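Trainee: I would like to see how this sequence folds:
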Amino acid sequence: MQLMMLDTNVGTIVFEANETAAFANLVQKQIDAALGARRMSRVVRRGGMAGGRDALGVHNSIVEVQLSEAALGLSLEPNPFGPDQSAVVEELLAGGQAEMTGEIKCGQYLISINKKSTLRMPYNRTMDALRNAERPLLLTLVNPISRADRSPDSRVRRRALPTAAGHAAAARAPRATLLSATHTTPLPHSTAPHQIPHAFPVKDPTGDFPEECVFQLLDEGLHVGDATNGATVCFLEWDMIEQWKPAEQEQGMMELFMLAITGMGIFSFELNDAYAFSDELQERMQDHAEETTLQKEGLTGNASDDDIGDRY
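Mentor: Residues are numbered from 1 along each chain as shown. Next up is the predicted model:
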């Protein structure tokens, strides 16, 4: 049977059930029907991976909400859990436009306004951009990382031994330079199962990262969360990641993962199987680069298979 998890306000409930996808669709229809009379905005949902959906697939990690009125009915605050980047939903006005969408929640992290990224802006500039943006207003937000994706089952120990796969990868991986977004030679793949890694900052040039983070790879970029509560520490769209490099430390230490971020500096984290995460990050960066190329060439969403076949 298939496994279905249900996040509720009293905790996460796990069931075995047949036809979980059909049930999730039914729940979605019921929720849409219940909220239909109240909605004052158009909501577009988009998916990610590695925890991109909640247990039923009703809410994705990334949500886009279009607001039509001047009074948004929400207040934003500077990021309380990480660097001064963008803004976080602090409060919703009861009965206001934001609350009535049923999609905007306290704790969500603002990614863009009218498709213009806010991830390179401090809080003050983000608020200026929000006030000056044209209406209707399209907000893109990321949800906190769910409890299920931060479960103890996927946590790591601070002095865990590197895996055998990590040792083998370390012996063959390049050591001299960081990997860049244009690096094309894949690292040896680890045999470790996919999970959201927990990472412990060793070098933090901002001084704002918590003692333990989680890395969530989404279609839009790398979502760094607080391992304690799932709150967003920062969100890195793909072109903000300049370079990265996994490395092995001495015996008995976790592996090291170095990450160069535009506008923030070079970070180092301890995590298990940094080589596997580097592999996965590289694949996502390459996928993004290919998608960007197709969009520039006008192929995304409006070209037939024959057209693409003729081009390539």
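Trainee: okay, CA-based contacts and neighbour counts for the rest of this
Mentor: OK.
Trainee: run through who's touching stretch 232-243.
Mentor: Contact with stretch 232-243 is made by 79, 81-83, 85, 108-109, 111, 119, 143-145, 178-181, 209-210, 220-226, 259-262, 285, 288, as judged by CA atoms under 8 Å, 6 or more residues apart in numbering.
Trainee: let's go with 7 Å and repeat that
Mentor: Residues outside stretch 232-243 that contact it (CA atoms under 7 Å, 6 or more residues apart in numbering): 81-83, 85, 109, 119, 144, 178-181, 209, 220-226, 259-262, 285.
Trainee: over to residue 83. Which of the three states is it?
Mentor: Following DSSP: H, G, I helix; E, B strand; the rest coil, the label given to residue 83 is coil.
Trainee: out of the contacts of stretch 232-243, which end up buried?
Mentor: The neighbour-count test (16 or more other CA atoms under 10 Å) marks 81-83, 85, 109, 119, 144, 178-181, 209, 220-226, 259-261, 285 as buried among the contacts of stretch 232-243.
Trainee: what average pLDDT does stretch 67-76 get?
Mentor: Mean pLDDT, stretch 67-76: 88.
Trainee: next, the buried residues of that stretch.
Mentor: 67, 68, 73, 74, 76.
Trainee: need those in JSON lines (columns: distance to residue 205 and secondary structure).
Mentor: Below are the buried residues of stretch 67-76 laid out as JSON lines (distance: CA to CA, whole Å; DSSP: H, G, I helix; E, B strand; the rest coil):
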{"residue": "67", "distance to residue 205": "37", "secondary structure": "strand"}
{"residue": "68", "distance to residue 205": "40", "secondary structure": "coil"}
{"residue": "73", "distance to residue 205": "35", "secondary structure": "coil"}
{"residue": "74", "distance to residue 205": "32", "secondary structure": "strand"}
{"residue": "76", "distance to residue 205": "25", "secondary structure": "strand"}
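Trainee: what is the most widely separated pair among the residues you listed?
Mentor: Taking every pair in these and measuring CA to CA, the maximum separation is 18.0 Å, between 68 and 76.
Trainee: pLDDT below threshold where in the protein?
Mentor: Where the chain drops to pLDDT under 70, the residues are 7-12, 25, 27-60, 151-195, 299-312.
Trainee: domains of it?
Mentor: Domain ranges of the chain: 39-142, 148-296, per automatic domain parsing.
Trainee: I'd like those as CSV, with distance to residue 1 appended.
Mentor: Output for these, formatted as CSV (distance: least, CA to CA, whole Å):
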stretch, distance to residue 1
domain 39-142, 16
domain 148-296, 20
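Trainee: returning to that earlier point: sort out for me which of the contacts of stretch 232-243 are in helices.
Mentor: The subset of the contacts of stretch 232-243 located in helices under the criterion DSSP state H comprises residue 285.
Trainee: can you tell me the helix or strand for the closest residue to residue 222 other than its chain neighbours?
Mentor: Beyond its immediate neighbours in the sequence, the residue positioned closest to residue 222 (CA to CA, 6 or more residues apart in numbering) is residue 236, lying 5.1 Å away. Using DSSP states H and E, the secondary-structure element containing residue 236 is strand 232-237.
Trainee: cool, residue 6 as well?
Mentor: Using DSSP H and E, residue 6 sits in strand 2-8.
Trainee: so what's the residue count around the nearest residue to residue 83 once chain neighbours are set aside?
Mentor: Closest residue to residue 83 apart from its sequence neighbours, by CA to CA, 6+ apart: residue 208 at 5.4 Å. Burial measure for residue 208: 14 neighbouring residues, criterion other CA atoms under 10 Å.
Trainee: equivalent analysis for the one 4 residues further on, please.
Mentor: Residue 212 has 17 neighbouring residues, counting by other CA under 10 Å.
Trainee: isn't it right up against residue 227?
Mentor: Yes. Residue 212 is within contact range of residue 227, at 5.6 Å (criterion: CA atoms under 7 Å).
Trainee: how about residue 249, nearest residue that isn't a chain neighbour?
Mentor: Among residues not flanking residue 249 along the chain, residue 255 sits closest, at 5.8 Å (CA to CA, 6+ apart).
Trainee: beta partners for that neighbour?
Mentor: Counting by DSSP bridges, residue 255 forms beta bridges with residue 271.
Trainee: what do you get for residue 246?
Mentor: Beta-bridge partners for residue 246, by DSSP bridges, are residue 257.
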